[in-house]
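> need a structure here:
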Amino acid sequence: MPKRSSSVVGREFGNGIRAIIARTGLTHRKLAELLGWQEAKISDMTLGKGGVTEQDVLLLLGYCQATVDEREHLLELFHESGNAWLQIPKDGVPDQVRTLIDQERDAKEIICWSMILVPGLLQIPEYCYVVTKHSKVIEAEKVPAVAATRAARANILEPGRKFVFFVHEQALELPVGGVEVWREQLAHLLRLSVRKYISFRIVPRSAGMHSGTSGDFRMMKFPKYPPVVYVESVNYCLFFDDAETIKVHEDILAALATVALSEEES
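I've put the predicted structure just below:
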């Protein structure tokens, strides 16, 4: 792992290393002393900046008594490279992956584009339940728990950060869960739209063909790291943080802003 600026994969790696070290009760300084390292080396590892070898990783994990599963997971992250990071969750639910939850938690701004459904962070529990129930990768007995977990992620909609939602008109016209659930979902969007840190803009049908028809995505921006673009499908998800992909999606968002209704019109 060459020394580099922190990436989404690097931060996932660093979080894992940090958790394992914390379990030992050792300070970074003491652990570095025991391993014969400079403390900065451990700091770079826990920040996901690399600058270490696979042998270094194995030495630290062995000393900290990491489990076999932890070692395999972290070595997989250590060797991960490329512009996209593919994850296929074991439970088949892309928007519940730990990486996404961590990125959402740390982001200062989240921008979502959705064509088919109300964005997940804006869904009421009843709407979320119906969406989850129709998934082909979630077992029936797990639907209530998964739906509740998905709905709970809306807790991040609090002051101190910014949220921008571009939603196609057709997503609002889809009667998910019947008239009562549909009506309450639209009312919920109205209630959220008055919050100053939430921007809600509708892309009308009259806009016709536009660059957003390439698919849904969300972009997360951070105080210290490059932005991350997240894309998901039925049972897999992709994270991008390379400059070229970020620029493409920034251009799509800029184009959406020109065809979307204003906040007041929406």
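> Can you list the neighbours in contact with the host helix or strand of residue 41?
Taking DSSP states H and E as the criterion, residue 41 maps to helix 39-46. Applying Cβ atoms under 8 Å, 6 or more residues apart in numbering, the contact partners of helix 39-46 are 3, 13-15, 17-18, 21, 28-29, 31-32, 50-52, 56-57, 60. Any C-beta I mention is one placed from the backbone N, CA and C, and that applies to glycine too.
> Report the mean confidence score over that helix.
Summarised as a single mean, pLDDT over helix 39-46 is 88.
> swap in stretch 180-188?
Rounded mean pLDDT across stretch 180-188 is 95.
> which secondary structure elements does the one helix or strand in the chain whose mean pLDDT sits lowest contact?
Ranking every helix and strand in the chain by mean pLDDT, DSSP states H and E puts strand 84-87 at the bottom, with a mean of 80. When contacts are defined as 3 or more Cβ pairs under 8 Å, 6 or more residues apart in numbering; DSSP states H and E, strand 84-87 sits against strand 237-240.
> Partner strands of the strand it packs on and their direction?
With DSSP bridges as the test, strand 237-240 is paired with strand 84-87 (antiparallel), strand 228-232 (antiparallel).
> Point out where the stretch 51-200 of the chain drops to low pLDDT.
For the stretch 51-200 of the chain, the stretches with pLDDT under 70 are 81-83, 91-95.
> Now do the strands in it.
Secondary structure of the stretch 51-200 of the chain (DSSP state E, counting those that start in this stretch): strands located at 84-87, 109-114, 162-168, 198-203.
> As CSV, these with mean neighbour count and distance to residue 224 would be great.
Shown next, in CSV, are these (neighbours: other Cβ atoms under 10 Å; distance: least, Cβ to Cβ, whole Å):
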stretch, mean neighbour count, distance to residue 224
strand 84-87, 14, 19
strand 109-114, 20, 13
strand 162-168, 21, 16
strand 198-203, 20, 23
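> Residue 216 is nearest to which of those strands?
Evaluated over the strands of the stretch 51-200 of the chain, closeness to residue 216 peaks at strand 109-114, with 5.1 Å, by Cβ to Cβ.
> Can you dump the C-alpha atoms of that closest one in CSV for me?
Output of strand 109-114 as CSV, limited to C-alpha atoms (Å, rounded to 0.1, in the frame of the first residue of the first chain):
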residue,chain,number,x,y,z
GLU,A,109,-22.9,17.4,2.7
ILE,A,110,-24.9,14.7,1.0
ILE,A,111,-26.4,15.1,-2.4
CYS,A,112,-28.9,12.5,-3.8
TRP,A,113,-30.4,12.0,-7.2
SER,A,114,-33.4,9.6,-7.4
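> Buried ones in the helix holding residue 41, by neighbour count?
For helix 39-46, the buried set under the neighbour-count rule, 16 or more other Cβ atoms under 10 Å, comprises 42, 44, 45, 46.
> So which of those is the closest to residue 216?
Using Cβ to Cβ, the buried residues of helix 39-46 come closest to residue 216 at residue 46, 33.0 Å.
> any idea how far residue 246 is from the residue most central in space within the chain?
Nearest to the mean C-alpha position of the chain, by Cα atoms, centre = their mean, lies residue 100 at 2.8 Å. Between residue 100 and residue 246 the computed distance is 17 Å (Cβ to Cβ, to the nearest Å).
> next one: residue 196
26 Å.
> Just give the nearest non-adjacent residue to the residue nearest to the centre of the chain, would you?
residue 230 (6.1 Å; Cβ to Cβ, 6 or more residues apart in numbering).
> Quickly list what the nearest residue to residue 260 once chain neighbours are set aside is bridged to.
Distances taken as Cβ to Cβ, 6+ apart put residue 201 closest to residue 260, at 4.1 Å, once the chain neighbours are dropped. Per DSSP bridges, residues listed as beta-bridge partners of residue 201: residue 166.
> Verify the stated contact: residue 201 with residue 261.
Yes: using Cβ atoms under 8 Å, residue 201 is in contact with residue 261, at 6.0 Å.
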